[in-house]
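**Q** quick one, structure for this:
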Amino acid sequence: MSCALALHSCSPALGLALLDGGQSRSIAHPLGRQLANGLFEAVEELLPAARWPQLQWLAVATGPGGFTGTRLTVVLARTLAQQVGCPLWGWGSFELIARRRQQELQGLEACWIGQTLPRRGVVAGRYCWQSQGVVELEAPRLYRQGWSELPGPSWEAEMDAAADALQLLQLGQVAAAAKQPGPWQPVLPIYPTSPVQS
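**A** Numbering: from 1, shown residues only. Now for the predicted structure:
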């Protein structure tokens, strides 16, 4: 039986969502810094490795998020897509928040969604609602002066790993139904700040 998998690790919790036989379910694992050790076990709990060849497509959150956590699930998704030969699509974690809060977003001209980085500033992107859905007006990047640099309404990024993984699954279903190509090569983590520079 064919299936599809979504992965989200842009927060301390790992969010996974599975579409299997027309039924979807999601789960969050609060792995934090243990993600590297617990990732495969968590995925296999939801979808045993013996069934990975049945994957029809994958979706993954590309960040912003923690450097290591985001990278781990993106690399796993890329590897699975390459080895299984299935499409892979990636979406930003702030865009997923905007979609989850779309009713609030519809009442605003546009809104910043950002994550405060102590002593570094704010990583933020700007989003709005248009007739076709959520639109990213400005990609996430670092604002060293913090929230004061961002004119207009703003939200602190509050990720919900399980709910955001379900959002990924829904976006993947739309992409699959539209027969969008999903090459794995362009799906890369978003790094608004350099992991090697202060």
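**Q** which residues in the protein form helices?
**A** Along the chain, counting by DSSP state H, helices occupy 35-46, 67-84, 93-100, 102-106, 161-177.
**Q** just say which of those helices is most tucked in.
**A** helix 93-100 (a mean of 24; mean count of other Cβ atoms under 10 Å). Where C-beta positions appear, they are placed from N, C-alpha and C, glycine not excepted.
**Q** pLDDT on that helix, on average?
**A** Averaged across helix 93-100, the pLDDT comes to 96.
**Q** kindly report the same for stretch 61-78.
**A** Mean per-residue pLDDT for stretch 61-78: 93.
**Q** name the residues that touch it?
**A** Under the criterion Cβ atoms under 8 Å, 6 or more residues apart in numbering, residues 7-12, 14-15, 35-36, 39, 43, 58-60, 88, 90-94, 96, 115, 123, 140, 157, 159, 164-165, 168, 184-185, 187-192, 195 lie in contact with stretch 61-78.
**Q** centroid residue for this structure?
**A** Ala61 (1.9 Å; Cα atoms, centre = their mean).
**Q** dig out what it forms beta bridges with.
**A** With DSSP bridges applied, Ala61 shows beta-bridge pairing to Trp91.
**Q** same question, Val135
**A** With DSSP bridges applied, Val135 shows beta-bridge pairing to Cys128.
**Q** quick check: it vs Leu31, distance?
**A** Using Cβ to Cβ, to the nearest Å, one obtains 32 Å as the distance from Val135 to Leu31.
**Q** so if I had to pick from these two, which one is more boxed in?
**A** The residue with more neighbours, out of Val135 and Leu31, is Leu31; 20 against 15, by other Cβ atoms under 10 Å.
**Q** grab the nearest non-local neighbour of that one.
**A** Nearest-residue entry for Leu31: Gly38, 4.6 Å, with adjacent residues in sequence omitted and distances by Cβ to Cβ, 6 or more residues apart in numbering.
**Q** break the chain down into its domains, please.
**A** Per the record, the chain has its domains at 3-92+159-177, 94-156, by automatic domain parsing.
**Q** quick check: end-to-end length of the shortest one?
**A** Just to be clear, that refers to domain 94-156. With Cα to Cα, to the nearest Å as the measure, domain 94-156 spans 10 Å from end to end.
**Q** and stretch 134-154, what's its mean pLDDT?
**A** On average, stretch 134-154 scores 95.
**Q** what's that stretch in contact with?
**A** Contacts for stretch 134-154 (Cβ under 8 Å, 6+ apart): 63-64, 92, 94-95, 98-99, 102, 105, 108-114, 116-117, 120-129, 190, 192-193.
**Q** if we go by neighbour counts, what in that stretch is buried?
**A** Within stretch 134-154, the residues that qualify as buried are 134, 136, 140, 142-143, 150, counting by 16 or more other Cβ atoms under 10 Å.
**Q** rebuild those residues as CSV, extending it with distance to Val74.
**A** What follows is the buried residues of stretch 134-154, written out as CSV (distance: Cβ to Cβ, whole Å):
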residue, distance to Val74
Val134, 21
Glu136, 18
Pro140, 15
Leu142, 20
Tyr143, 24
Leu150, 27
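**Q** need the max-distance pair from these.
**A** Val134 and Leu142 (22.0 Å; Cβ to Cβ).
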